[in-house]
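Asker: the following comprises the amino acid sequence and a computationally predicted model.
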Amino acid sequence: MSQDQGAEVVLRLDRITKRFGALTANDAVSLDLRRGEVVALLGENGAGKTTLMNILFGHYVADDGGVQVFGQPLPPGNPKAALAAGVGMVHQHFTLAGNLTVLDNIRLGTEGLWSRGAHGARAKVERLSRDFGLAVHPDAKVSRLTVGERQRVEILKALYRDARILILDEPTAVLTPQESDALFATLRKATAMGLSVIFISHKLHEVMAIADRCIVLRHGRVVGRVDTHATDKAALAALMVGGELSLPRAKARAAGAPLLRLDAASTPDRGAVPGLKSVTLELRAGQITGLAGVSGNGQAALAEIIAGLALPASGAVQLHGAAVRDWSPRAALANGVGRIPEDRHHQGSIGDFDLTENAVLESYRTRFSRRGWMDWRAARAFAEEIIKGYDVRCPGPETRIRLLSGGNMQKLILGRAMASSPDIILANQPVRGLDVGAIAYVQSQLIAARDRDAAVLLISEDLDEIMGLSDVIHVISEGRLSPGFARGTMTAADLGLWMAGQNFGDTHAA
Amino acid sequence: MRLEPIAAPSTARRLGFPALALGATLAVAMTLALIAGANPLAVLGQIVTGALGSKLAVLETLNRATPLIFTGLAVAVAFRAKLWNIGAEAQLYAGAIMAVVLGTGALGSPLVLPVSALAAMLAGAVLLLGPVLLKTRLGVDEVVTTLLLNFIMLLLVSYLLEGPMKDPMGMGWPKSTALIPEARLPRIVEGLRLHWGFALAIIAAIVVWVIQTRTTLGFEIRAVGQNPEAARFAGMPVNAILLKTALLSGGLAALAGWSEVAGLKGHLSQDLSPGFGYTGIIVAMLALLHPLGVVVTAIFVAGIFVGSDAMSRAAGVPTYIADMLMATALLCMVLAILLTRFRVVRG
């Protein structure tokens, strides 16, 4: 990874400005990317990273400023031009056709409908996958690949189109630590061959590990340009949020009685997503139980059971020591289960409803209605209470929730879940996509709930989060649950092996 | 070209585009009149006077608006829950049949009117229940089932009018026996043609509005319509709410047929509804599914139909112009609503 200041500038964003109404998403953002370097684009959610990349890629048209690739200006609003100029993007959510083979996916859209030439294409793909260390079989069906392998296909797709500039949007969000290391090895090979990479990430330690330079965005503006070897994680975090900030770390505590227990719970597989395989799990009072694992390994099925949406096909669920029979979201709520859903847009809130309506979504029947009539005055007061108590930044309770940032939306959902003083709390990816300030707030609320003797289940793909908060850590892989590991007994690498599913055979033998 | 959402549309935008849509509709109407060989401005004038020019014209417009308010409400209630009830026409006929079944001597005063109204609502509700159960249990698309029920219902009416319900004194015409006087809806003012069905329609609109904004059921219906997954997650019984919505929607549509028979016609015939069930969809969409807005748009739509009839007699332009106007108004309005919420970006 060279950092030759004299190296050719392959990509130049020149004073890009983009406004959406009153919001300035990008304010005169400039960026130079040189041949053979990795530049990290860092910033909280809403800082303008995605907007900037969408402009570069032609999805948006900038109000001001221009893009140059290899010295040539790029016509605005034309994704094909960006592709043709040698810019390849790997999106966070893959754009692959599951029922086609790897080779077909790579050729899809590059070649004419009737062209024959699979042979040449195969040779090229095989060469690329060898050169860049992207091991994946060209004839494998994409639907059978792991997430890490799919990402390799996406990168291969960009390389196949002769991309000289790779943009990776949060590439490690879906990977195990081992898969991330493999990705970094690929990126190092790519830069050694003269490619350039823009790496968008939240994870500071990854940025420190892979990037040569780092550009920090805040509120649409560049607030820092630093060489990674001349800085550290704390300094980068401070730049991102504009002040010193420490994420909460929970102190250990003695656990209480088990409040919720799954006994050999199994659920059917759903297509490629495995169901639970005889999972036994205890959530104890006064304890945060962390569930680590790569997404799509059965977390959703487990979360559905606890949220009241489903019962396992076999096995038992015990709540406060009694077997659960009639199970529904309402039953869960009535039995003191507070839920923070994984998808706050689709499950947790109704976008065009205002904050009042969203605040009472779970309790309107029990607390805010009399003989079928809504008590909107009380509902509004309740919403105002949450807004104040949980620091939801908004113009008022009549605001439609879709206009709120992710962090403020999540605070409202958190406040709604906590309002009934639940003693069991399901927190499914509670801080995903939030900015650092909101993350600290949500996490401290979970710790506070635990200190009130609630049993908290924290499901997360972020190992730092799991290790920082959990009193007990389980790993889920292919629907199987690891034994519980007490705080501090496992390293990230140990957990990574469990996430990759390597130790499960041993436990069965033992 | 792409569409970019606008977070908070300005007032100018929210009023300007619908006004533009109205202007475009008028322009199309005048062009059509010109093609038909008439003076465009005169045609417009005749439509307006035909709809509103005299007391008689106004009352005729309100009479015509009555079934449209009921079917418009039925559609608005269902669409609010994203329940695509295209079968208001069938439910209307279900209500009309009940008006005849109970209103031709089976019941006497004072029971006959309230009982036949309730029976009509029940019949319409039950008719929509089937498609909704198929939707919630088996995932069958209700657009298809409710639409096809319209044709089944028309055939049933045709059978009834040629068979069991046929008026023996009807000189062979396919129409039902006339309702007894006690089963007829009285006129609001004696001597004028406007019947109590119109007042009931207004009351129904207010009731629906109150249900939507003030009751838990209304809150549930809106929540299920906006985001069924979030509603389910929050503990709402989504399928039960859809069933209740269907009962309300089917019942409202049935009242359209009931009030046409009991208020206006006095008997059932196959031409009872010139597509009130389908026009109800236009009425509801133009009103943006707002129940009070439905009253306004129903009167507007009825006015265009009544006015076009009058204009056609005077200017010799075919009444099809009314249908084309409706279609243009709906398309322009849908486009206008889109443009208030999104801006078009080139590239």
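Answerer: Yes, it's here.

Asker: how about the residues of chain A by chain B?
Answerer: With the criterion set to Cβ under 8 Å from any Cβ of the partner chain, chain A comes near chain B through A:20-21, A:23, A:58, A:61, A:76-78, A:307-309, A:328-330, A:332-333, A:339, A:341, A:346-353, A:357, A:361-362, A:364-365, A:369, A:372-374, A:376, A:403. Using the backbone N, CA and C atoms, a C-beta is placed for each residue, glycine as well.

Asker: which other residues reach whichever helix or strand residue A:153 is part of?
Answerer: Take DSSP states H and E as the rule and residue A:153 turns out to sit in helix A:147-160. Contacts with helix A:147-160, where a contact means Cβ atoms under 8 Å, 6 or more residues apart in numbering or on different chains, come from A:88-91, A:94-96, A:102, A:105-107, A:110, A:121, A:124-125, A:128-129, A:132, A:134-136, A:140, A:142, A:145, A:166, A:171, A:174-176, A:179, A:182-183, A:186, A:294-296.

Asker: could you pull out the helices for the stretch 1-150 of chain B?
Answerer: B:11-35, B:40-52, B:55-80, B:88-103, B:112-138, B:142-162 (DSSP state H, counting those that start in this stretch).

Asker: would you mind pulling up the elements that the fifth one packs against?
Answerer: Packing contacts for helix B:112-138, counted by 3 or more Cβ pairs under 8 Å, 6 or more residues apart in numbering or on different chains; DSSP states H and E, involve helix B:88-103, helix B:142-162, helix B:238-259.

Asker: need the winner for burial among those helices.
Answerer: Ranked by mean neighbour count under mean count of other Cβ atoms under 10 Å in any protein chain shown, these are led by helix B:88-103, which reaches a mean of 30.

Asker: using PDB, write out every CA atom in it.
Answerer: Extracted in PDB, the C-alpha atoms of helix B:88-103 (Å, rounded to 0.1, in the frame of the first residue of the first chain):
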ATOM      1  CA  ALA B  88     -68.900  -2.300  -4.500                       C
ATOM      2  CA  GLU B  89     -71.100  -2.900  -7.500                       C
ATOM      3  CA  ALA B  90     -72.000  -6.400  -6.400                       C
ATOM      4  CA  GLN B  91     -72.500  -5.300  -2.800                       C
ATOM      5  CA  LEU B  92     -74.800  -2.600  -4.000                       C
ATOM      6  CA  TYR B  93     -77.000  -5.100  -5.700                       C
ATOM      7  CA  ALA B  94     -76.900  -7.300  -2.600                       C
ATOM      8  CA  GLY B  95     -78.400  -4.400  -0.700                       C
ATOM      9  CA  ALA B  96     -80.900  -3.700  -3.400                       C
ATOM     10  CA  ILE B  97     -82.100  -7.300  -3.300                       C
ATOM     11  CA  MET B  98     -82.700  -7.100   0.400                       C
ATOM     12  CA  ALA B  99     -84.700  -3.900   0.000                       C
ATOM     13  CA  VAL B 100     -87.000  -5.800  -2.300                       C
ATOM     14  CA  VAL B 101     -87.100  -9.000  -0.300                       C
ATOM     15  CA  LEU B 102     -88.200  -7.200   2.900                       C
ATOM     16  CA  GLY B 103     -89.900  -4.300   1.300                       C
END
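
Asker: and it, what's its mean pLDDT?
Answerer: Throughout helix B:88-103, pLDDT has a mean value of 95.

Asker: same deal with stretch A:19-26?
Answerer: The average pLDDT within stretch A:19-26 is 76.

Asker: show me what from chain B comes close to chain A.
Answerer: Applying Cβ under 8 Å from any Cβ, we find that chain B lies next to chain A at B:4, B:6-8, B:214-219, B:222-223, B:226-227, B:229-235, B:345-347.

Asker: mind checking which of the residues you listed are in strands?
Answerer: In this view, the residues of chain B next to chain A that belong to strands under DSSP state E are B:4, B:345.

Asker: which ChimeraX command selects the buried ones in the residues of chain B next to chain A?
Answerer: Buried residues within the residues of chain B next to chain A, by 16 or more other Cβ atoms under 10 Å in any protein chain shown, are selected in ChimeraX with:
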select /B:215,216,217,218,219,222,223,226,227,229,230,231,232,233,234,235
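
Asker: now, which of the residues of chain B next to chain A lie within helices?
Answerer: With DSSP state H as the criterion, helices contain B:214, B:216-219, B:222-223, B:226, B:229-233 from among the residues of chain B next to chain A.

Asker: pick out the most distant pair among those.
Answerer: Spanning the widest gap among these are B:214 and B:229, at 25.3 Å by Cβ to Cβ.

Asker: give me the residue from the stretch 1-150 of chain A nearest chain B.
Answerer: At 2.6 Å from chain B, residue A:77 is the closest residue in the stretch 1-150 of chain A, using Cβ to the nearest Cβ.

Asker: no no, the stretch 101-250 of chain A
Answerer: residue A:220 (15.7 Å).

Asker: tally of neighbours for that residue?
Answerer: Neighbours of residue A:220 under the rule other Cβ atoms under 10 Å in any protein chain shown: 23.

Asker: go on, residue B:327?
Answerer: For residue B:327, using other Cβ under 10 Å, the count is 13.

Asker: still on that earlier bit, what sits against the closest residue to the residue of the stretch 101-250 of chain A closest to chain B other than its chain neighbours?
Answerer: Of all residues not flanking residue A:220 in the chain, residue A:48 sits nearest, at 4.1 Å (Cβ to Cβ, 6 or more residues apart in numbering or on different chains). Applying Cβ under 8 Å, 6+ apart, we find residue A:48 in contact with A:18, A:25, A:26, A:27, A:29, A:217, A:219, A:220, A:221.

Asker: I figured residue A:305 hits residue A:316, correct?
Answerer: No: counting by Cβ atoms under 8 Å, residue A:305 stays clear of residue A:316, with 10.9 Å between them.

Asker: which of the two has more neighbours?
Answerer: residue A:305 (24 against 14).

Asker: now the helix or strand hosting that one: mean pLDDT?
Answerer: In this assignment (DSSP H and E), residue A:305 forms part of helix A:299-307. Taken as a whole, helix A:299-307 has a mean pLDDT of 94.

Asker: give me whichever of the helices of the stretch 1-150 of chain B is most buried.
Answerer: Stretch with highest mean neighbour count among the helices of the stretch 1-150 of chain B: helix B:88-103 (a mean of 30; mean count of other Cβ under 10 Å).
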